[in-house]
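Participant: Quick one: sequence plus predicted model below, questions after.
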Amino acid sequence: MPNSYSSAKAQIAFQGKEGFYKFMWRKAILSVITASLLMVTAMAQEQRSEISLQGTGFYTKDSTGQGIRQQATDTGGFLVGYRYHLNRWLAAETTYGFVRNTQTFSAPLALSGIQTDVHQATGGLVFRLPSPARLRLSPYVLAEGGALVFNPTSNTLVVGADSQARGAFIYGGGADFHLSKHFSLRAEYRGFVYKAPDFGLSALNTDAVTHTAQPSAGIVFRF
């Protein structure tokens, strides 16, 4: 009888211990699930990603070199961007832009014009600047690298003009004005520093560094 009693008591203790472990295991799983949901919710509330669409101007400085003067017509285009906020103050960004202008080359005895589609692809870092919350403004500065691709159109009459890519350094800044949780208006300025294109023609090579100013304005969607 004592043995039966001891065996029953041990079994009850084992079952109680097993039940305790099951309870703790379920509690641990529930805790992990809860923590994961809270993390996902927090990330969603942070709205780390945003896309933007902006209308742009494109104003290139005249350049001169090797007896050649190069000018580009002022024009407008668009800029599409994606920005991911790494933290409150720093974001990574990539953009694509497009404009069409005419590059004019003046030499003492000749004048050549090349109508050109200009594609821009850039990427870099954006640094947010402090601003009072009551202003609903988020100012920032940016530093990026990328390329401008100059592609002559079918209207170009200059024989031998070919597509050409130029590496560029981009600097600038802007500000977002928050309309709601997901939408903002953006005003921005970008400056491009790069070697003037010659379309692969030595007769058009100024060997000069030029600058393009690109002001823009548009809308931002955060998610």
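Facilitator: Alright, I've got the coordinates. If you're wondering where the values come from, they're calculated on a predicted model, not measured in any experiment.
Participant: How about residues contacting stretch 127-138?
Facilitator: The contact list for stretch 127-138 (C-beta atoms under 8 Å, 6 or more residues apart in numbering) reads 88-91, 139-143, 175-178, 184. For the C-beta atoms, the positions are set from N, CA and C on the backbone; glycine is no exception.
Participant: CA atoms of that stretch as PDB?
Facilitator: Output in PDB follows, covering the C-alpha atoms of stretch 127-138 (Å, rounded to 0.1, in the frame of the first residue of the first chain):
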ATOM      1  CA  PHE A 127      20.500  63.800 -43.600                       C
ATOM      2  CA  ARG A 128      17.500  65.200 -41.800                       C
ATOM      3  CA  LEU A 129      17.900  68.600 -40.000                       C
ATOM      4  CA  PRO A 130      16.200  69.500 -36.700                       C
ATOM      5  CA  SER A 131      13.000  71.500 -36.900                       C
ATOM      6  CA  PRO A 132      10.200  72.500 -34.500                       C
ATOM      7  CA  ALA A 133       7.300  70.000 -34.800                       C
ATOM      8  CA  ARG A 134       4.700  72.900 -34.900                       C
ATOM      9  CA  LEU A 135       6.100  74.000 -38.300                       C
ATOM     10  CA  ARG A 136       5.300  70.600 -39.800                       C
ATOM     11  CA  LEU A 137       8.500  70.900 -41.800                       C
ATOM     12  CA  SER A 138      11.300  68.300 -42.300                       C
END
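Participant: Could you shift the numbering so residue one becomes 23, and keep it that way?
Facilitator: Okay, residue one is now 23; in that scheme the one you just asked about reads as stretch 149-160.
Participant: Could I get the average pLDDT for it?
Facilitator: For stretch 149-160, mean pLDDT is 93.
Participant: Okay, buried residues for it please.
Facilitator: 150, 160 (16 or more other C-beta atoms under 10 Å).
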